[in-house]
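S.K.: prediction below, plus the sequence it came from.
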Protein chains: 2
Amino acid sequence: MNDVKLTSTLAFRLGTLGAVVTERFSARLAGHGLKPKHIGLLTVLESGTATSQLDIAKLMNVAPSLVVSLADRLEELGAIQRERDLSDRRRQTLTLTEEGRELLATCTAAAAELDSELTDGLDPEETEALRSVLRTLARRNGLPAD
Amino acid sequence: MNDVKLTSTLAFRLGTLGAVVTERFSARLAGHGLKPKHIGLLTVLESGTATSQLDIAKLMNVAPSLVVSLADRLEELGAIQRERDLSDRRRQTLTLTEEGRELLATCTAAAAELDSELTDGLDPEETEALRSVLRTLARRNGLPAD
DNA sequence: CTTAAACGATTCAATCTTTGAACGATTTGG
DNA sequence: CCAAATCGTTCAAAGATTGAATCGTTTAAG
């Protein structure tokens, strides 16, 4: 008979911790009137992995119509620029503006600060091990992993 | 100037990985007509940390009214039993039935299977390090941590 | 060329999840 | 004994995301 607890399972812990951390990150973004997905979009643009809205939607695993509203908001803030692709006028090409870069940098700093809080008191080796394994897992699951 | 990428941040990785893993776990639960929160409730009951609906709601960081519907469904499945607390008839006391225990065991097995997939190919030491650090983080953040 | 099919973006209604406010029953403290 | 607090429940509303329909544009087949 298997007596492993659900709570000791990686799946459960990653899920709950992920939710908690996202919630906290979200709270820090609230001041800018942004949600994590907005930052996800900025990140895609910075990585240069996709520029058209449809490609971005696929990369983010999200409906194309959602990208529209995320982009609406970001454009409103001046964080991105929307331009018709001249070689295919159906496409909207999104590009980061300088303001967008700064916004992303600010939010990245907020995330880094969260990291400090999370790892405060952990052995530096532990922290590094965590970083390393998460990078591996991200890579294996098709998530951005530098 | 700080050039750390958001994607290399623990906060971001925990968030995205958590979402992916929860999604996958959710898919395996779908067959039972359950969602992760249902399992979360069963887990609380198994841990014995709380039995009244309000206490459960607090522990789960969720509105009391949500616990009502989660419990409705679980009762319908025969996984839990709802009884008025005789010493305070306002309270509903929820208890796991034998069927509930079995259901939880099945779902725990599904989570464990997910764990295998996630860690397949990782160094055993890496896996153990991950488990250990996540347990620590869970504990520090008020999450169930055995 | 012309035209039908495919495509990308957009809008909008519908869905799903969760919350908050209102209510009824019960308990508690003054 | 009564007013205030508590617990569970219902239900309407909020927030996030999707899917279907539409418009302009491109592509490919005849």
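M.R.: On my side now, so go ahead. Numbers count the residues shown, from 1 in each chain, chains lettered A, B, ... in the order given.
S.K.: the residue most central in space within chain A: what secondary structure?
M.R.: With distances taken as CA atoms, centre = their mean, the residue of chain A nearest its centroid is residue A:40 (3.5 Å). Secondary structure, DSSP: H, G, I helix; E, B strand; the rest coil: residue A:40 is helix.
S.K.: contacting residues around it?
M.R.: Residues near residue A:40 by CB atoms under 8 Å, 6 or more residues apart in numbering or on different chains: residue A:60. C-beta: built from backbone N, CA, C; applies to glycine.
S.K.: how confident was the prediction at it?
M.R.: Here the pLDDT value assigned to residue A:40 is 97.
S.K.: excluding chain neighbours, give the residue nearest to residue A:101 in space.
M.R.: residue A:46 (7.4 Å; CB to CB, 6 or more residues apart in numbering or on different chains).
S.K.: and that neighbour, what does it touch?
M.R.: Contacts of residue A:46 (CB under 8 Å, 6+ apart): A:96, A:101, A:104, B:5.
S.K.: quick check: closest non-adjacent residue to the first one.
M.R.: If I follow you right, that is residue A:96. Nearest to residue A:96 is residue A:45, by CB to CB, 6+ apart, at 4.7 Å.
S.K.: tell me the helix or strand right after the helix or strand containing the one you found.
M.R.: In this assignment (DSSP states H and E), residue A:45 forms part of helix A:36-47. Of the helices and strands lying after helix A:36-47 in sequence (DSSP H and E), the nearest is helix A:53-60.
S.K.: nearest to residue A:116, of the contacts of residue A:46?
M.R.: residue B:5 (16.5 Å; CB to CB).
S.K.: now do the residue of chain A found nearest chain B, the pLDDT please.
M.R.: At 1.3 Å from chain B, residue A:18 is the closest residue in chain A, using CB to the nearest CB. pLDDT, residue A:18: 97.
S.K.: touching, it and residue B:19? I think so.
M.R.: Yes. Between residue A:18 and residue B:19 a contact is recorded at 6.0 Å, counting by CB atoms under 8 Å.
S.K.: those two: which has the busier surroundings?
M.R.: Counted by other CB atoms under 10 Å in any protein chain shown, residue A:18 and residue B:19 do not tie: residue A:18 has more neighbours, with 21 against 18.
S.K.: does the more buried one lie in a helix or a strand, and which?
M.R.: For residue A:18, the host element (DSSP H and E) is helix A:10-29.
S.K.: so which bits of the longest helix that chain A contains are buried?
M.R.: The residue-count maximum for a helix in chain A (DSSP state H) belongs to helix A:98-119. Neighbour counts using 16 or more other CB atoms under 10 Å in any protein chain shown place A:100, A:103-105, A:107-108, A:110-112, A:114-115, A:118-119 of helix A:98-119 among the buried residues.
S.K.: what of stretch A:53-63?
M.R.: Buried, per 16+ other CB under 10 Å, within stretch A:53-63: A:53, A:55, A:56, A:57, A:59, A:60.
S.K.: which residue packs closest to the second one, ignoring adjacent ones?
M.R.: For residue A:55, ignoring the flanking residues on the chain, the nearest one in space by CB to CB, 6+ apart is residue A:49 at 8.0 Å.
S.K.: any residues of chain A in contact with DNA strand D? List them.
M.R.: Taking CB under 7 Å from any atom of the strand as the contact definition, chain A meets DNA strand D at A:35, A:37, A:61, A:62, A:63, A:65, A:66, A:69, A:87, A:88, A:89, A:90.
S.K.: circling back to that earlier point, quick one, what contacts the residue of chain A closest to chain B?
M.R.: Applying CB under 8 Å, 6+ apart, the residues near residue A:18 are B:14, B:15, B:16, B:17, B:18, B:19, B:21, B:22.
S.K.: at 7 Å what do you get?
M.R.: Taking CB atoms under 7 Å, 6 or more residues apart in numbering or on different chains as the criterion, residue A:18 is in contact with B:14, B:15, B:17, B:18, B:19, B:22.
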